[in-house]
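*Asks:* Predicted model, plus sequence, below.
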Amino acid sequence: MLRIENLTKTYGKLTAVDNLCLEMGAGDIMGFIGPNGAGKTTTIKMITTLLKPTSGTAYVNGVDVFANPEEVRPLIGYMPDFFGMYEDVMVWEYLDFFAAAYKIPVNKRKGTIDDVLELTDLTIKRDSFVSELSRGMQQRLCLAKTLIHDPKLLLLDEPASGLDPRARIEIKELLKELRSMGKTILISSHILPELADFCNKIAIIERGKLVVSGDVESIMDQCRGGTVLKVEMVDRQDEACRILDNLDVVSEVKWNNGCVFATYTGTPGEHYVVLQALSKDGFRILSFTQAEVDLEDIFLKVTTGAVS
Amino acid sequence: MSIATTARERINGTLAESIYDNPVVTREFRTRMRGWKAFTVMGSYTLLLAAFLFIHYLSIAADAGHSFQMESGSLKVGAKMFVTLTVAQAIMLMFIVPSLTSGALAQEVEKKTMELLVLTTIPSGKIVFGKQFSGFLYAMVLLFCSAPLAGICLMLGGISPGEVMATYALIAGTVFLFAAIGVFWSAIFEKTAISGVFTYGSCMFYMFVTSILGESAMYPPPRSAVFSLSLLNPIFAAYDMALTMTKVCGIEFPAWIASVATELILGSLLLLISSGHVRFRKTDKTLVIRLMLLATTLILVWLTIGSFPNFGGGRWSRANSVWEMLAAVSSIILGFMCIMACPLATGEPSRTEKSMLLYAMSGRRAFSKELGGAMSFLALWTAVVYGAFGGTLYWLTKVEHVSFDPQFWPAYLKLGVALVMIVAGVSAVGMLASSIASRRKGAAALVLVFLAFVFAGYTFLLAYHQPNEDTSAPIWQTAALWPITPIMAQCKNWDRTMPTLWWVPNDSWLVTSCIYVALGVIALSIAGTALKKFGGVQED
Ligand SMILES: Nc1ncnc2c1ncn2[C@@H]1O[C@H](COP(=O)(O)OP(=O)(O)OP(=O)(O)O)[C@@H](O)[C@H]1O
Ligand SMILES: [Mg+2]
């Protein structure tokens, strides 16, 4: 669906994107992660044909982005990190404008607009002026605009930036729905947990260079060397730590707030041995779970934290 | 969601479609006509005009009380009031129209809506045209608001419906051009404030220059050679000139048609250039712009030379005026060449050619989209315009039964050679500029700086050396830097004010040609080296 080959962009002496290679299959949701100034926006803008690369190229659906920008534009839906809105039009007029600009036939426009409004939960705001929408609603409207021509590839540059937690969750729900619709999505962010539960691929970029890329699970294993188990218990956490530390399959143990975290490095799927070890000594265990996927850790581990 | 838009499914935008289903026009009109804003503007526009007319009417009425000419026929109240209406309307629109379009594209950039617009499949021509047309249409609405007032003038007598229609057409033509100027500057500059200043400046400059043309046509005879263009400024239409006929190459037609057509072509040319600035696209419109400029020059030259019999009331009374005409047309060609030298600098020499000279003169590339063949194109272009000019002139001598000075045709030929050489030299400078500067604007600026330098240098030389028929000046003082030297030499009254040289003034064409050819060769060799050095790779 998307193939990036040796993409490079320099601004004078600064190399914003350095020899980047990436590949995404159809239906992939890729989290594109990096600290401020890593070159995420620059990369995405080059894929959208808005920016000419210094060298290298990208293919969307097999079409060379820089040789045939006109053919690529209908295939992609781009949501910039900073965008403006025509404020003096109504929501449906705004969408109608883009529907017409993407050459959707007149008789299909109304249906299409209603569809994307429904999807982004903006149906009740159909006849409000864009300037009267809240920031989060404007962000959703921009997403609705991005979807209006049914693009195959969505390029979302920090779609949840500047939103309150509730709005973030809403956007997240929306993205999950898009995933179930089978869209290929490249989504950039530096807020990691946000991407955790719906990305299947991750690419981490720093100072223009790709640090790691691949499936979420494999990257996690690669970076951390195991799954973290979370054991919630009433008391005697320090004792439990000592016992777990002696097990061969556990590499690292720590505890806080009444929970013990143990990094399990044994055969996948056989971590019940940890629970068996604890129950022998009559610990009062409240729960035993696999800890939430914590991308923040991966991120800190992989990047040196320097800003280019 | 069943939406089917593939890249291949693109309908070629016909004119009708780009007006009827143009989202840009729709959106602009939705915001512009909503609520009370539009009605307030229309209302105050009409009221203001009505107030002007009423005051003028009162003053006419007061005058009429003391006047001895009381017969209604000679009073022509309607005609007088129509002058007020037209002048007031033209001036008000001159202030309103730039405000409608001068922010068109710059505003999209400032508000960060441009990226999203550019990524849609809408062609850039349609964006630019939509911006211009919505401004134009709004001004048309205002213009129609004033129609009842024109009706009152008609009823008061002294003016015919035809004159009113012609005047309105002229105002509409000017509004079209002004709207295009606004879009043009807003495409060039990314700040609305700057594009606003440039738009108002250009529109005022246009009104000023055209008022000189109109002024010179107002008092016949002898009428100016550019009589056919005297109505470019709509204000003059009101002064009894709306329906004047002009005679171009023996064909008689109303002068307003020539003016409106010129404004439409100029406006479209500006829109075309602007559309190349809208987005990062692979193809540019260099060829179309080249051809449009060619057409514009041809029309201007044709109108200028063709309306020549208007001189001295239809007879070619002064032999000198033929020479003056030659100078005028050559200046038009040179002027356009300067403009051409800038678009020349807009192509990108995509690969390093073995020889820059061959690249620049490649006949095969003359009509391609890149820089290659630019010199051949410009030389060809000059030859075509100049040839058309000669042909028209020759034909006119047959039609009007005039015979020329026997020296004329040889001089014409020499001047033609000099012009082609100058064009080649300056276009070589254009190519040099575009190989040095990394941006188009920079290259265009370099060419303009070069031309300014040449002109300033020559003016300095002229001022330094007091020309005198009998003294001979050293060569360095009169290095024939100025491209117009040979043209002026052909003008009979100018050969005396020419700095005297060791060559005969009439032969300055030869020296000028040599100088510009040398300049061209030097420029191209530098350009070739520069390209080799930097590998011909250009930064965006
Ligand atoms: N127009 C420009 N001119 C010069 N340098 C630029 C330009 N745009 C971006 N850069 C530089 O390129 C680098 C990458 O910028 P980019 O905007 O791609 O980062 P980012 O990963 O999107 O960061 P953020 O998380 O803050 O959005 C930065 O160092 C930035 O300073
Ligand atoms: Mg960014």
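*Replies:* Sure, I can see it. Ligands and ions are numbered 1, 2, ... in the order given.

*Asks:* Spell out which parts of the stretch 151-300 of chain A neighbour ligand 2.
*Replies:* Contact residues, the stretch 151-300 of chain A versus ligand 2 (Cβ under 5 Å from the ion): none. Backbone N, C-alpha and C define where each C-beta goes, glycine included.

*Asks:* Where does the stretch 151-300 of chain A get nearest to ligand 1, which residue?
*Replies:* A:His190 (5.3 Å; Cβ to the nearest ligand atom).

*Asks:* can you give me the strands for chain A?
*Replies:* A:2-11, A:14-24, A:29-33, A:55-60, A:63-64, A:76-79, A:153-157, A:184-189, A:201-206, A:209-215, A:227-233, A:250-256, A:259-264, A:285-290 (DSSP state E).

*Asks:* which one of the ones you listed lies closest to B:Ile159?
*Replies:* strand A:76-79 (57.1 Å; Cβ to Cβ).

*Asks:* interface residues of the stretch 151-300 of chain A facing ligand 1?
*Replies:* For the stretch 151-300 of chain A, the contact set with ligand 1 under Cβ under 6 Å from any ligand atom comprises A:His190.

*Asks:* again with the stretch 1-150 of chain A
*Replies:* Of all the residues in the stretch 1-150 of chain A, those lying near ligand 1 are A:Tyr11, A:Leu14, A:Ala16, A:Gly34, A:Asn36, A:Gly37, A:Ala38, A:Gly39, A:Lys40, A:Thr41, A:Thr42, A:Asp81, going by Cβ under 6 Å from any ligand atom.

*Asks:* repeat that with 8 Å
*Replies:* A:9, A:11-12, A:14, A:16-17, A:34-45, A:81 (Cβ under 8 Å from any ligand atom).

*Asks:* Please check those residues and keep the buried ones.
*Replies:* A:9, A:16-17, A:34-35, A:37-45, A:81 (16 or more other Cβ atoms under 10 Å in any protein chain shown).

*Asks:* Closest one to A:Thr227 out of the residues you listed, please.
*Replies:* Set against A:Thr227, the nearest of these by Cβ to Cβ is A:Gly34 (25.1 Å).

*Asks:* Now the closest one. Nearest residue, chain neighbours left out?
*Replies:* Among residues not flanking A:Gly34 along the chain, A:Ile205 sits closest, at 4.1 Å (Cβ to Cβ, 6 or more residues apart in numbering or on different chains).

*Asks:* Then B:Ile60?
*Replies:* Nearest non-adjacent residue to B:Ile60 (Cβ to Cβ, 6+ apart): B:Val77, at 5.6 Å.

*Asks:* For chain A, see how far away that neighbour is.
*Replies:* 44 Å (Cβ to the nearest Cβ, to the nearest Å).

*Asks:* show me what contacts that residue?
*Replies:* Neighbour list for B:Val77: B:Tyr57, B:Ile60, B:Leu156, B:Gly157, B:Gly158 [criterion: Cβ atoms under 8 Å, 6 or more residues apart in numbering or on different chains].

*Asks:* The last one and B:Lys76: what is the separation?
*Replies:* Separation of B:Gly158 from B:Lys76 (Cβ to Cβ, to the nearest Å) stands at 3 Å.

*Asks:* what does the second one give?
*Replies:* Spatial separation of B:Ile60 from B:Lys76 under the definition Cβ to Cβ is 10 Å.

*Asks:* Then the third one?
*Replies:* As for B:Leu156, its distance to B:Lys76 is 9 Å (criterion: Cβ to Cβ).

*Asks:* higher neighbour count, these two?
*Replies:* Counted by other Cβ atoms under 10 Å in any protein chain shown, B:Leu156 and B:Lys76 do not tie: B:Leu156 has more neighbours, with 19 against 16.

*Asks:* residues in contact with stretch A:36-45?
*Replies:* Residues contacting stretch A:36-45 (Cβ under 8 Å, 6+ apart): A:4, A:7, A:9, A:16-18, A:20, A:32-34, A:51, A:78, A:81, A:155, A:157, A:186, A:188, A:190, A:205-208, A:307-308.

*Asks:* coming back round to it: what residues are up against the residue nearest to A:Gly34?
*Replies:* A:Leu20, A:Phe32, A:Ile33, A:Gly34, A:Ala38, A:Gly39, A:Lys40, A:Thr43, A:Val211.

*Asks:* Likewise for B:Gly173?
*Replies:* B:Pro234, B:Ser259, B:Val260, B:Glu263, B:Leu264.

*Asks:* Let me know whether the second one touches B:Leu231 as I believe.
*Replies:* This points to B:Ser259. Yes - in this structure B:Ser259 lies within contact range of B:Leu231 using Cβ atoms under 8 Å: 4.1 Å.

*Asks:* So for those two, which residue has more residues nearby?
*Replies:* B:Leu231 (33 against 29).

*Asks:* Which strand or helix spans that one?
*Replies:* In the assignment (DSSP states H and E), B:Leu231 maps to no helix and no strand.

*Asks:* how close does it get to A:Arg140?
*Replies:* 54 Å.

*Asks:* Provide a list of residues in contact with B:Val141.
*Replies:* By Cβ under 8 Å, 6+ apart, the residues touching B:Val141 are B:Ala38, B:Met42.

*Asks:* quick one: it is in a helix?
*Replies:* Yes - according to DSSP: H, G, I helix; E, B strand; the rest coil, B:Val141 belongs to a helix.

*Asks:* shared neighbours, B:Ile60 and B:Lys76?
*Replies:* Here B:Ile60 and B:Lys76 share no contacting residue, scored by Cβ under 8 Å, 6+ apart.

*Asks:* Domains in the chain, by residue range?
*Replies:* If you meant another chain, say so; for now it's chain A. Domain assignment of chain A by automatic domain parsing yields the ranges A:2-214, A:226-296.

*Asks:* nope, chain B please
*Replies:* B:16-319, B:321-540.

*Asks:* Stretch A:66-79 and chain B, are they touching?
*Replies:* Yes - under the criterion of Cβ under 8 Å from any Cβ of the partner chain, chain B is reached by stretch A:66-79 at A:Ala67, A:Asn68, A:Pro69, A:Glu70, A:Glu71, A:Val72, A:Arg73, A:Pro74, A:Leu75, A:Ile76, A:Tyr78.

*Asks:* Could you double-check that the last one lies in contact with B:Leu119?
*Replies:* It stands for A:Tyr78. Yes - at 5.8 Å, A:Tyr78 counts as touching B:Leu119 under the criterion of Cβ under 8 Å.
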